[in-house]
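Q: need a 3D model of the sequence below.
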Amino acid sequence: MRLQECYQCGTEFKAKNNRAMFCSNDCIYEYRSPIKDKKCRGCGDVFKTRSVIKMYCSVKCRQKSNYEPVRPLQMIKCPGCSDMFMQDNLLQKYCKRSCRIVNPPKKIPPKLVKCLYCREIFQQKRSIQKYCKKLCANIFNGNKAYYIKRNAELDNNPLDPTHKKV
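A: Residues are numbered from 1 along each chain as shown. Got it, this is the predicted structure:
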């Protein structure tokens, strides 16, 4: 073992190998992540930190900043009673609960689609629904390749009396 000077603090220490540069783990930590001055995004005060990602001087300051709205709250017109009111939060559309209950949001009407198996036209209950009945889904998923080919042939044969064009 030989004496070597610490790269961070300058003290001499007994090195266990030729590549040793620091006298302790504290010096390694201090060297790799030095203390820096940063400006708080919430209050604007300068604070000291080792962290690269820390943006606020305290938890209280971070929480205060997270609850501030991106755009200011404003006076809007209630779609239920046509009165002007000040929003409590950015998602609020109605002035009172009674206005919201009387005027529920409009639902999107169901779409008419063709069943992948039997080619029957039906009303979708969900946007991912592809079959008119569970039976059609089970049969189709049992032998997909055959039914895809069969449906392509039906689409290309307008002389077939069972051919339905949507």
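
Q: count of neighbours near the closest residue to D45 other than its chain neighbours?
A: Distance criterion C-beta to C-beta, 6 or more residues apart in numbering; nearest residue to D45, sequence neighbours excluded, is C57 at 5.5 Å. C-beta: built from backbone N, CA, C; applies to glycine. Neighbour count for C57, taken as other C-beta atoms under 10 Å: 20.

Q: sec struct for C57, please.
A: coil (DSSP: H, G, I helix; E, B strand; the rest coil).

Q: all helices for the protein, in order.
A: Counting by DSSP state H, the chain has helices at residues 25-32, 59-67, 97-102, 134-142, 144-155.

Q: going by mean pLDDT, which of the ones you listed comes out lowest?
A: Lowest mean pLDDT within the helices of the chain: helix 144-155, at a mean of 64.

Q: ok, the one residue sitting closest to the centre of the chain to G42 distance?
A: Closest residue to the average C-alpha location of the chain: N66 at 17.0 Å, with C-alpha atoms, centre = their mean. According to C-beta to C-beta, to the nearest Å, N66 stands 9 Å off from G42.

Q: got it, and S51?
A: Distance of S51 to G42, given as C-beta to C-beta: 16 Å.

Q: so the two - more neighbours on which side?
A: Each of S51 and G42 has its neighbours counted (other C-beta under 10 Å); G42 has more, 17 against 9.
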